[in-house]
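*Asks:* no sequence for this one, just the structure:
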């Protein structure tokens, strides 16, 4: 919870007091960090596409390509990127290692706070995977 609360500091405040879901936080993450390559519709056609060595993945078909089940843990691990030394499906790892990016941002934003910045990192990645799960074409 603390991680999501810290993340919400950077989001626009709703007009009325209402609960923000993980998927809503994830949409903000996607729009801010992923849409530039994967496109606002998550199909791989973002404005950076012509400048990339590989076409960004169509993120709306992850469940279909996984037997109808959204591979949440695998997606979270790929986004995080810190657990594997191999570049993975991105070849030279054109996609940033978001775990490192989020960690640096969190360390800066949360310095002096009484909880580990890793909580924010995990919260942001989980919110993003929650959002991606809502985009799946069946």
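*Replies:* Here it is on my side, so go on. Not measured: the values here are computed from a predicted model.
*Asks:* Only C-alpha atoms from now on, for both contacts and neighbour counts.
*Replies:* OK.
*Asks:* so what's residue 33 up against?
*Replies:* By Cα atoms under 8 Å, 6 or more residues apart in numbering, residue 33 lies in contact with nothing.
*Asks:* quick one: low-confidence ranges for this structure?
*Replies:* 1-17, 85-93 (pLDDT under 70).
*Asks:* at 50 instead, please
*Replies:* For the chain, residues meeting the criterion pLDDT under 50 lie at 1-9, 90.
*Asks:* Please, where are all the helices along this protein?
*Replies:* With DSSP state H applied, the chain shows helices at 2-8, 22-29, 35-38, 72-80, 98-109, 117-134, listed in chain order.
*Asks:* Would you tell me which of the ones you listed gets closest to residue 58?
*Replies:* helix 35-38 (7.0 Å; Cα to Cα).
*Asks:* which residues sit against the closest one?
*Replies:* 41-42, 44-49, 56-59.
*Asks:* Highest neighbour count among those?
*Replies:* residue 42 (23 neighbours; other Cα atoms under 10 Å).
*Asks:* That's all I had, so thanks and see you.
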